[in-house]
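> Can you look at this prediction? I've put the sequence above it.
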Amino acid sequence: MLESRPEMVVLDLRTADEFEMFYIKDAVNLDCESEFFERRIKRLDRDGLYLIHCHSGGRSMKALTLFAKHGFTNIIHMDGGLREWMHADLPLISNWSI
C-alpha cells in the first residue's frame with residue numbers, strides 16, 4: 001500500500017524511545033502519550049492521507065477519535081501495529097545493536 005500511495009504519511013504514535021529502536025522508513029514520530037499530541041495533530045494537513053500505528057494497535061486505535069474530532073477523514077489504521085508488521089517480515093529501520 002505504501003508503494004502504491006507515495007503521498008501517504010506514516011505516523012508512528014509510539015513514544016520517542018520506542019521509535020528510536022525501530023520504525024518504518026520515512027515514518028514521522030508523533031507520540032500519542034505526549035502532552036503536545038493534540039497540538040501536533042492540529043498542525044497536520046487535514047486533507048492528507050495518513051497511516052497511523054503504534055506497537056500493537058491499542059494506542060493508535062484510541063487516537064482515531066482525536067483525529068476525527070479535528071476533521072481528518074483520510075486516516076488508515078494499521079491493525080495490529082508494528083507487531084503485525086514484524087510478523088509479516090516487512091522492512092524496518094532498526095537501531096538495535098546486539
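Ah, there it is.
> going forward, measure contacts between C-alpha atoms and count neighbours the same way
Will do.
> Mind checking the pLDDT average for stretch 48-63?
Mean pLDDT, stretch 48-63: 97.
> try stretch 10-22
On average, stretch 10-22 scores 96.
> List the buried residues for that stretch?
10, 11, 12, 13, 14, 15, 19 (16 or more other C-alpha atoms under 10 Å).
> okay, it in PDB with CA atoms only?
What follows is stretch 10-22, C-alpha atoms only, in PDB (Å, rounded to 0.1, in the frame of the first residue of the first chain):
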ATOM      1  CA  VAL A  10       3.100   7.100   8.100                       C
ATOM      2  CA  LEU A  11       2.500   8.400  11.600                       C
ATOM      3  CA  ASP A  12       4.200   6.300  14.400                       C
ATOM      4  CA  LEU A  13       2.300   7.100  17.600                       C
ATOM      5  CA  ARG A  14       4.700   5.300  19.900                       C
ATOM      6  CA  THR A  15       7.000   7.100  22.400                       C
ATOM      7  CA  ALA A  16      10.300   8.600  21.200                       C
ATOM      8  CA  ASP A  17      12.200   5.800  22.900                       C
ATOM      9  CA  GLU A  18      10.200   3.100  21.200                       C
ATOM     10  CA  PHE A  19      10.500   4.900  17.800                       C
ATOM     11  CA  GLU A  20      14.300   5.200  18.200                       C
ATOM     12  CA  MET A  21      14.600   1.400  18.500                       C
ATOM     13  CA  PHE A  22      12.900   0.600  15.200                       C
END
